[in-house]
Structure formats: C-alpha cells, structure tokens
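Novice: pasted the sequence and its predicted model underneath.
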Amino acid sequence: MLDLELSEEQQLLQDSANRFIEREYDFADRRKAANLEEGFRRSAWKTFADLGWLAVGMPEDQGGFGSARETAVLMEAMGRGLVVEPYLATVVMAGKTVALAGNDAQKDELLGAVISGDMLMSLAHGELKSRYTISHVETRAEGSGDSWVLNGHKGVVLNGDTAGRLIVSARTSGATQDEDGISLFVVDPKADGVTVRGYPTNDGGRAAEVKMENVKALAILGDEGKAYPVLEEVMDRAAAAICAESLGLMAVLNDMTTEYAKTREQFGQAIGKFQILQHRMVDMFVALEESRSLTAVYMADVDSSDRDERRYAVSAMKVQCDKAGRSVGQEAVQLHGGIAMTDDYSASHYFKRLSVIARLFGDSDWHLERFADLTR
Amino acid sequence: MQITYTPQEDAFRAEVRAFIEAECDPAARERVQKGLALKKEDYVNWHKKLATKGWAVPHWPVEHGGCDWTPVQHFIFEEETGNAGTPPGVPFGPEMVAPVVWSFGNDEQKKKYLPGILSGEVWWAQGYSEPNAGSDLASLKTKAVLDGDEYVVNGGKTWTTLAQYADWIFLLVRTDSSGKRQEGITFLLVDMNSPGITVHPIITMEGGHEVNQVIFDEVRVPVANRIGEQDKGWTYAKFLLGYERFNMAGIPSAKRQVRRLKAIAEDQGLTNDIRFRTKMADAEIQIITLESTMLKMLAAQAAGKDPGPEASYIKIRGTEIDQMMTELTMEAVGPYVMPFSLKASEEGWNEEPLGPEYAAPVAPTYFNTRKVTIYGGSNEIQKNIIAKHVLGL
C-alpha cells in the first residue's frame, strides 16, 4: 500500500519547523524582518543553518539530506509563518541548480557555503518577456572554456539583492525560445558590469532586476548549451515547493476565518451561525484538504527520474493548489470583512502571498496545458 | 444592439465629450486610466470645472442645482465621463449627505450646507461604520448626550473613506439605548475642526491610505447641526441607503479596463492564447450583460415605468465584475505583478519602471478591489435584502 506517513526523520523535521514558527516567528517578527533593508533576518537564517534546513534537498556528498517531501515539510511550515528568509531562492532554486548541474568542486564550494549559512544564492533565470516559458532566454553568453562574457537583463530574481552568487542562465547558441543552447553561469553580483536593482515585492519579500553588461562569469556550470532539463526540473521543484507553502498559508487562513466567525457578532449572534457563511467555510476546508491529499500522494513524484511523471505530478499539484489558494484567500478576506483589508491584520498578508504564488513558476493555464499535453 | 439617439441627444454627447477634452486635467485622466492613486485636487478640480458648467450634481433636484436631464442624458453623461476616465465624483457630499439635507433638513441647513457641496468647496466624510457595527450598522455605539444646546459626542467611527481630506462629517450617533436598536439613533453634521476629533490612518493591504478611524472625545456639536428629529436618524440613514440615483455600475470603467487589458495581453504575447482570449471574451459578455440590465432599466424609466427588481442586484454584479477585471489583469501581467512600487503611482516619479510600465498598479489594485464586495453593505447583505424584499423569502 501507499505509505504516506512521514518517516521518523521527516517527523523530526516537521516538529522542529513548526516549533520554530510557533516560538520564534510570530507576525510582528515577520513584519519587522520584512522591513529590514535586506528584507529578512540574518539571525533567523543562522538558525535555519543550525537546524539543518539549508541541507535539505542537497547532495549527500556535500552533507545534504532529503528531497521533495522534506522540502515540502519545511515549505508548509514556512507558509504558516509567512517566512521571508530566502529559502526558496537560495536552497530550493539556486542550490538545487548547482546540485544538478555543477561539478564536484563547484558543489563543494557553493553548496558548502550555502549549507553552512555563510552564503545566499539566487537563480537569475526569468526575463522581461519570458513569462512562464522556461526556454525563453535572451541573455547571451559569449566565449569558451573558462572564459565567458554575459549580456542581458534578468527579471524578478527572487532575493537577488542579497545573493552572494547569482546562477545565471544565458544563451550560448540558438534562438530565443530554443530548448537547446541554454547554459548556466556562476556570476559574482559585485563584478564589473552587473547592476542589481533590489526592491520589495507585493507579498512582503524581495526581488531584483539584474542587468549585465559585458560581465565576466566566474565559471560555467554544467555542459554548454544543455541547461534546459536542469532549469525545467528546478522550476518544477520550485512550483512543488510553493504548493506545499500554500498548504501552510491556507491552513492559517482557514483557522483564522473560523475563529473570527465564532467570535465576531453581528445581528446579535456570532456570524459563524449564519448558514451561508458556514457553507463557505466548509468549501474552504474542502479546498485545503483536497490540496493536502493531492500533494501527499504526488509530492514524491517530484523526485522521479521519469520526466513525464514529475511534470504530471507538479502540474496537477500547481493547478489544484492555485485554485484552492485563490478561493481560500479571497473568501478569508470576504468573510472577515473590512478588518482583513488592513495591513495590520495578518490575514491580508497571507492572502497576498497566495495571490503571488499563483503567478509564479507557471500559472494555472500554463500547467493545465502541460497536463493536457501529457495526457493527450 | 441598436440604440437610437435623437439629434439633440447626439448633440448633447458631443457637448459632454468636448467639455471633457477641454476642461479635464489630462494628468488626472491618465492616473484614472492607469489605475494610479488620485489626489484630492484631482477630485476637487474636476468637480469645480463641472460646477462652473452646471454639471457637478446633475442628479440633484433642479431647484438645488441639478440638471433638467432626461434619463438618456444621464446615461450619456455617465458613459462619456466613464469612457474618458475623468476622476470619479466623491460620493459622500453630493451623493449621500446632500439628499438627506434637502429631504429632511430645515431651510437654514439647506442654505448652509448645499452650496458648499455643489461648488466642491466642502469635502464630506461618512461616519457610519464602527468596529463592532459593520454589516449590522444599527448596533452602533458612538454616543451623543444632550447638554444645553449642544450634543457631546464620544466614540469612534471606522473605515471612514478619505476622512483625511474632510471638512465635515455626517454621523450616526446613539442618543437612546432603551428601546429597539434602530430607535435612538440621531443624524448629526459635525465640523471636522471641532476640538476632540482625531483622525487615525488605516493602511490597507496594498499600502494605501484611503480609510481612517475617526475618534470623538467630548466633541461638542450644536443642536442646530442635527438633521430632523432626535432618535429618528435611522429613518434618514435608511433613506440614504435606499437613495438610488441613475448609476452605471461602473460599466464604462469596466469597458475601459477591458481595453487596457487587451493592450497588456498583447504586450504579454497572449493575443493568440486561446485560453486567455476566451476569458477576456467571457468577461466582456458579463459586462455587456450587466450593461443590458442598465439599458433595460433606462428604457423603462424613459417610458415612465417602474424600473423593476433589477436595481437590487446591480451592486452585486457590478462589484463582481470589477474584481474579475482586476484579477484577469493580474493574470495577464504574470510574474511582473511582484515588484512593489508605491512611489510609482505618485506624481513626478520618473525612475525606470520595474518590468513593463503598466505593471506597478496591477497587484495593488487587485488587492484593494477586494473591498468592493465588503463595503456599502457586503454582497452577502445585499443578497439577504433581495431574498427578503424581492423574493419575499
């Protein structure tokens, strides 16, 4: 039979994550962290390192452990806490890219620094016109061997303004949307010709526009022109990770909404006594539980060596979680009423994060089309 | 659809259009069209321009300064101003308190308050909701106690839109708590400069300052500022809630948003994306469906008939369409909904945009528009009203 129980190790990870969120990551802390110049607390990042979270999904040779399910366990807890630290950017995306494409020396150097918490990384892949098309790369790299020069503009690079190293995708051959001809490079954001324009995002995080003018890359990562499968896998892993995050976000909103409905009185009774609102809260509950079921059963397929199996699972999860997140987020605001419109009330921030998640790593239409193609 | 207009109506449309072109500040129109934040002057300047033309409050009775227009002329005016993206009217003075003043106020009050509203000199705010009186407005607790020829007001109002600009506020206060909740409410007009009033901003989730909490601490209000009788304020407030003027439920603005959405979709390469195109088509059909409701009401009105029960669901469908459009725009923009740039909506901001130039207001507008199904009687309350009064349930 299908075993969906968490292993002992996964259970420990979940306990430690939930404990951290409960004890050290309340909404007031999160707001303070988001308002810092870097958009998060370095001290929290240090704790992540101490707890071993930065090693999750990393290769065992570099001291890593676990994979998609472990990442999901952490991401769900981070959703509960609306965590702003660059876990998705550094570990799930850039870290995994290095793990998949780098040689041993690169993995030792870069992943070692990530796992110890000493360095942050971001994957600079999306561009002004790329939307969700993974192969859309206009940024160009010219050169050979160890010497490469990059030109281009990378957009909405998550936490790109605090990264110690950028992993940049660039075209070394082919036309703008060709899958072939994309390569990966390690870039020092302080190198000549790199402009990093950081900014806050609408969900309380940080991102950056990264422009490169004749930038010398530190190294090429992986085989020249063969980065597409790596990027596709990393985008799938990122999509799966934010699906897990959305479970945490939805759980908090559902709890807040039912709690509010029990205590908020209008017309002489708790609004939770009104049947119309009860049914809607039941729908919110069902939306979350269905998302939980689907992700519980399919999350492990993210690790599948069969590309189609992975894509099938990820697209199904993203469609379901986006749909559920949309309805839970919008209904949570509506059922609360005016209070959830305010910046001071945490529900609005959960709603905003869910709204942004739906626009990342393939929206519902994109995943529906991919799923339809896979099941033709 | 065939709407025939008389030559006079065509001429009127041309006149409205020409007036907008000549008099409405293009910068303000651009802010409306791009969904950027409006400044107080944007509202006031346009209102004043309209006032000089005699068009500031067309729906008012003629004797107070309204226009002697046919329903079709009102329709044309709404269509042209909405289409052009002129700043919207501020509802609280011209739409809300004025009808109460001319219907229930005494002559002195009419003389004192209506001219300032008509000219745009005086900005009003609405003091209805309280932290514990939202959908259930009659549970309000802000108290007024008569002391000589003054009321002493204590309490607080919330969600007070643009109170930071307000010169005056109309208030519902409790003057008696012994009987039914709807009895014992009094309608007061209060000068915002009165000692004891403080306005506290409420920042909404998109980062804007649109609403406020207004606290009243021993605020003295002359009895002369009371509308009608003490304890009868609920009657006046209900009249105001039921005061229906001809309104287009934001149809011209929704159509304007469709045009903008199509331009964004084209820039995002979605022109040939059948999934997105069918969603835009569906949106457009919803908009012309609601417009048809409006036109049907207009035709009934023009024929001198009762507009029928349609009026009741216009708020519901209008707000749903508004939210649908902001959500579709999010979808069209894609990952570039992420950059947060409050400053990008301010005057004089001329930095390079983060991503496409149209992206900055898209997520904030989506977030902010969640309010429209909550305020002014949430859509759940609207449905209760229809169930009771239209369906007789």
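Specialist: Looks like it arrived, so ask away. Numbers count the residues shown, from 1 in each chain, chains lettered A, B, ... in the order given.

Novice: skipping adjacent residues, who's closest to the residue in the stretch 151-300 of chain A that chain B sits nearest to in space?
Specialist: Closest approach between the stretch 151-300 of chain A and chain B, counting by Cβ to the nearest Cβ: A:Gln266, at 3.8 Å. C-beta here means a position set from N, CA and C on the backbone, and glycine is covered the same way. Spatial nearest neighbour of A:Gln266, excluding adjacent residues (Cβ to Cβ, 6 or more residues apart in numbering or on different chains): B:Asp136 at 3.8 Å.

Novice: and B:Asp176, by the same measure?
Specialist: Spatial nearest neighbour of B:Asp176, chain neighbours left out: B:Gly184 (3.1 Å); criterion: Cβ to Cβ, 6+ apart.

Novice: before we move on, what about A:Thr139?
Specialist: A:Gly152 (2.6 Å).

Novice: okay, now the unreliable bits of chain B?
Specialist: Confidence mapping of chain B against pLDDT under 70 gives the ranges B:1, B:241-248, B:344-349.

Novice: ranges for the strands of it?
Specialist: In chain B, the strands defined using DSSP state E lie at B:124-127, B:143-147, B:150-161, B:168-174, B:185-191, B:197-203, B:209-222.

Novice: just the stretch 201-350 of chain A next, same as before
Specialist: Under the criterion DSSP state E, counting those that start in this stretch, the stretch 201-350 of chain A carries strands at the ranges A:206-216, A:219-221, A:265-266, A:269-270.

Novice: elements contacting the first one?
Specialist: Going back to what we said before, that points to strand A:206-216. In terms of contacts (3 or more Cβ pairs under 8 Å, 6 or more residues apart in numbering or on different chains; DSSP states H and E), strand A:206-216 is packed against strand A:147-158, strand A:165-171, strand A:194-200.

Novice: could you single out the most deeply buried of those?
Specialist: Of the helices and strands packed on strand A:206-216, the one with the most neighbours on average (mean count of other Cβ atoms under 10 Å in any protein chain shown) is strand A:165-171, at a mean of 27.

Novice: roughly how far is the very next helix or strand once past that strand from the heart of the chain?
Specialist: Next along the chain after strand A:165-171, taking DSSP states H and E as the criterion, comes strand A:182-187. Relative to its chain's centre, strand A:182-187 lies at 20 Å (Cα atoms, centre = their mean, to the nearest Å).

Novice: look up how far A:Lys216 lies from the closest residue to B:Val173 other than its chain neighbours.
Specialist: Leaving aside its chain neighbours, B:Val173 sits nearest to B:Ala144 (3.9 Å; criterion: Cβ to Cβ, 6+ apart). Applying Cβ to Cβ, to the nearest Å, the value for B:Ala144 to A:Lys216 is 74 Å.

Novice: count of neighbours near the residue of the stretch 151-300 of chain A closest to chain B?
Specialist: 17 (other Cβ atoms under 10 Å in any protein chain shown).

Novice: what residues are up against it?
Specialist: Going by Cβ atoms under 8 Å, 6 or more residues apart in numbering or on different chains, A:Gln266 touches B:134-136, B:139.

Novice: that older thread, tell me the contacts of the residue nearest to B:Asp176?
Specialist: If you count contacts by Cβ under 8 Å, 6+ apart, B:Gly184 has them with B:174-178, B:231.

Novice: who wins on neighbours among those residues?
Specialist: Neighbour counts for the contacts of B:Gly184 (other Cβ under 10 Å) peak at B:Arg174, which has 23 neighbours.

Novice: right, and chain B sits closest to which residue of the stretch 1-150 of chain A?
Specialist: Closest point on the stretch 1-150 of chain A to chain B, by Cβ to the nearest Cβ, is A:Arg131, at 4.6 Å.

Novice: how close does the closest residue to A:Leu288 other than its chain neighbours sit to A:Glu331?
Specialist: Using Cβ to Cβ, 6+ apart and skipping residues adjacent in sequence, the residue nearest A:Leu288 is A:Met250, 4.5 Å away. Taking Cβ to Cβ as the measure, A:Met250 falls 10 Å from A:Glu331.

Novice: now do the shared contacts for these two.
Specialist: Common neighbours of A:Met250 and A:Glu331, using Cβ under 8 Å, 6+ apart, are A:Met284.

Novice: compare those two (neighbour count), which wins?
Specialist: Neighbours per residue (other Cβ under 10 Å) separate A:Met250 from A:Glu331, with A:Met250 holding more: 29 against 20.

Novice: contacts only, for residue 217.
Specialist: No chain was given, so I picked chain A. A:141, A:143, A:148-150, A:168, A:185-187.

Novice: ah, no, chain B please
Specialist: Applying Cβ under 8 Å, 6+ apart to B:Asp217 gives the contacts B:154, B:196-198.

Novice: which residue ranges make up each domain of chain B?
Specialist: For chain B, automatic domain parsing gives the domain ranges B:7-89, B:124-236, B:251-390.

Novice: circling back: ok, how many other residues are close to the residue nearest to A:Gln266?
Specialist: B:Asp136 has 16 neighbours, counted by other Cβ under 10 Å.

Novice: how about the one 3 residues further on?
Specialist: The local packing count at B:Ser139 equals 17, with neighbours defined by other Cβ under 10 Å.

Novice: that one and A:Phe267, how far apart?
Specialist: Distance from B:Ser139 to A:Phe267, counting by Cβ to Cβ: 8 Å.

Novice: for residue 369, which non-adjacent residue is spatially closest?
Specialist: No chain was given, so I picked chain A. Once flanking residues are discounted, A:Glu369 sits nearest to B:Arg275: 7.2 Å by Cβ to Cβ, 6+ apart.

Novice: my bad, chain B
Specialist: Once flanking residues are discounted, B:Thr369 sits nearest to B:Thr326: 4.5 Å by Cβ to Cβ, 6+ apart.

Novice: A:Gly209 reaches A:Leu158, doesn't it?
Specialist: Slight slip there: residue A:209 is Glu, not Gly. No - the pair A:Glu209 / A:Leu158 is not scored as a contact, 11.9 Å apart, by Cβ atoms under 8 Å.

Novice: list the contacts of the spatially closest residue to A:Arg165 that is not a sequence neighbour.
Specialist: Counting by Cβ to Cβ, 6+ apart, A:Met121 is the residue found nearest to A:Arg165 once chain neighbours are left out, at 4.9 Å. Neighbouring residues of A:Met121 by Cβ under 8 Å, 6+ apart: A:89-90, A:94-95, A:98, A:110, A:114, A:163-167.

Novice: reformat those as JSON lines; add pLDDT.
Specialist: Formatted as JSON lines, the contacts of A:Met121 follow (pLDDT from 0 to 100):
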{"residue": "A:Ala89", "pLDDT": "98"}
{"residue": "A:Thr90", "pLDDT": "98"}
{"residue": "A:Ala94", "pLDDT": "98"}
{"residue": "A:Gly95", "pLDDT": "98"}
{"residue": "A:Val98", "pLDDT": "98"}
{"residue": "A:Leu110", "pLDDT": "98"}
{"residue": "A:Val114", "pLDDT": "98"}
{"residue": "A:Ala163", "pLDDT": "98"}
{"residue": "A:Gly164", "pLDDT": "98"}
{"residue": "A:Arg165", "pLDDT": "98"}
{"residue": "A:Leu166", "pLDDT": "98"}
{"residue": "A:Ile167", "pLDDT": "98"}
